[in-house]
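Novice: Sequence plus predicted model, see below.
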Amino acid sequence: MRTIHDVRQTRGFTLIEVLVSITILAGGVVALGSLLGRASRSATAASGLVYQTAALTSEAGRLGALPFAQLTAGNTCVAVTTAPFRHTRCSLIENISAKVRRVTVTVTPTGPTLLQAQTAVFERSVSGNATPPLNTP
């Protein structure tokens, strides 16, 4: 026959067991919070890199599509201060020869970011006498 003392020991959890399980659960929540913080920073950095690459590609594409005669030598910089990606975009066009121009596009992030400047360099050339065929008399 069971006594009252035996019945109490088999029912429920003790206070120590509850405290130990809460401590383990709290440790897991803290570790998960730290992991989510790191994942958020990584996602922000990846998003910034995508915006930076898009700005670089867009400017390089624009300069690549311009007619050769409109590529005048010089340096131009534009500061973009609107979200989501604040940056400075610089374009340098150099005359290598009468028929060859080197184009350098640099996108430098501004503000608090871990991203570094990205640069794209390409050369544009024209064959013949470098005049557009539709503008000849």
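Specialist: The structure has been received and is ready for your questions.
Novice: For the protein, give me the ranges with low pLDDT.
Specialist: Applying pLDDT under 70 to the chain flags residues 1-10, 128-137.
Novice: who touches V107 in this structure?
Specialist: By Cβ atoms under 8 Å, 6 or more residues apart in numbering, the residues touching V107 are 52, 55-56, 59, 87-89, 117-119. For glycine as for every other residue, the C-beta is placed from the backbone atoms N, C-alpha and C.
Novice: which residues are in contact with stretch 111-129?
Specialist: Under Cβ under 8 Å, 6+ apart, the answer for stretch 111-129 is 45, 48-49, 52-53, 56-57, 60, 64, 68, 71, 86, 96, 99-109.
Novice: List the buried residues of it.
Specialist: Buried residues in stretch 111-129, counted by 16 or more other Cβ atoms under 10 Å: 113, 115, 118, 120, 124, 126.
Novice: list the contacts for the one residue sitting closest to the centre of the chain?
Specialist: Nearest to the mean C-alpha position of the chain, by Cα atoms, centre = their mean, lies L49 at 1.7 Å. Counting by Cβ under 8 Å, 6+ apart, L49 touches L115.
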